[in-house]
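Student: A predicted structure for the sequence below; I have some questions about it.
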Amino acid sequence: MKKLVLALCFVAGAANASSSLNQICTDYTKYLGHIYGFAVSEDESMRQLLVSDMKRLKLSEAMVQEDLYKVSTDENAKQQYSRLLNPDANSVNRSSFDYMVKACETAPDFAIPSWGVLVASNAVRTEDAGKNGIEAIKKAPGMRQQSSANSADFKGCVAAELQRQKSEHPGLAAGVLQSAAEAVCYKKG
């Protein structure tokens, strides 16, 4: 794995003005493109962009190392991040970039690993600071809301469905019947 040596510079001075959620998410999406750029080239200009991103987004070196590892080992991440490096190259890159920004705006607390630090340091506008997108994603239409496998209702449903499955399909293995019963109960909710 390529080693990244980043000097963390702590700059004393006036606090930056709070940024909008859109600006922070745009900066974070650019950072993901810079991660790809550095991972494939180890270019000094890309390193400088990463250091700048780290300061602006309050990312730790460990967070950057994790993203570098991901883009170095995960083909899907490599393909996605490559589109973020130059969003103006074509329509596919632009739509990928815009999608990432919108996804980040939906759940910044999920997308940006340093979101808590940004909020605590007043780098985020007050009206955006309390945005908790994870709950909104969980409650979004189309997301599966499954009963807990440990709840009494779910266990009762599985037991009843298992009995029904056994009577209808006596020759099938117990594990297959159990899986089918659980699937039916998950669908019922």
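Tutor: Everything's here; your move.

Student: which residue ranges form the helices in the protein?
Tutor: For the chain, the helices defined by DSSP state H cover 21-41, 44-57, 61-73, 75-85, 91-106, 108-111, 115-120, 126-129, 133-138, 152-168, 174-188.

Student: Adding mean pLDDT, write those helices out as JSON lines.
Tutor: Listed next are the helices of the chain as JSON lines, based on pLDDT from 0 to 100:
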{"stretch": "helix 21-41", "mean pLDDT": "92"}
{"stretch": "helix 44-57", "mean pLDDT": "92"}
{"stretch": "helix 61-73", "mean pLDDT": "90"}
{"stretch": "helix 75-85", "mean pLDDT": "87"}
{"stretch": "helix 91-106", "mean pLDDT": "91"}
{"stretch": "helix 108-111", "mean pLDDT": "85"}
{"stretch": "helix 115-120", "mean pLDDT": "86"}
{"stretch": "helix 126-129", "mean pLDDT": "78"}
{"stretch": "helix 133-138", "mean pLDDT": "62"}
{"stretch": "helix 152-168", "mean pLDDT": "89"}
{"stretch": "helix 174-188", "mean pLDDT": "80"}
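
Student: tell me the most buried of those?
Tutor: helix 21-41 (a mean of 21; mean count of other C-beta atoms under 10 Å). Bear in mind the C-beta positions are built from the backbone N, C-alpha and C, glycine included.

Student: The closest residue in space to F97 that isn't next to it in sequence and E182, how far apart?
Tutor: Sequence neighbours aside, P87 is the residue nearest to F97 in space, at 3.6 Å (criterion: C-beta to C-beta, 6 or more residues apart in numbering). From P87 across to E182, the span is 44 Å (C-beta to C-beta, to the nearest Å).

Student: give me phi/psi at A89?
Tutor: Dihedral angles of A89 (phi, psi; degrees, to the nearest 10) stand at phi -70, psi -40.

Student: In contact with the spatially closest residue to V184 that is not a sequence neighbour, which residues are there?
Tutor: Sequence neighbours aside, E161 is the residue nearest to V184 in space, at 5.0 Å (criterion: C-beta to C-beta, 6+ apart). If you count contacts by C-beta atoms under 8 Å, 6 or more residues apart in numbering, E161 has them with A180, A181, V184, C185.

Student: Would you mind reformatting those residues (as CSV) and adding columns for distance to S60 while you're at it?
Tutor: Shown next, in CSV, are the contacts of E161 (distance: C-beta to C-beta, whole Å):
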residue, distance to S60
A180, 47
A181, 46
V184, 46
C185, 43
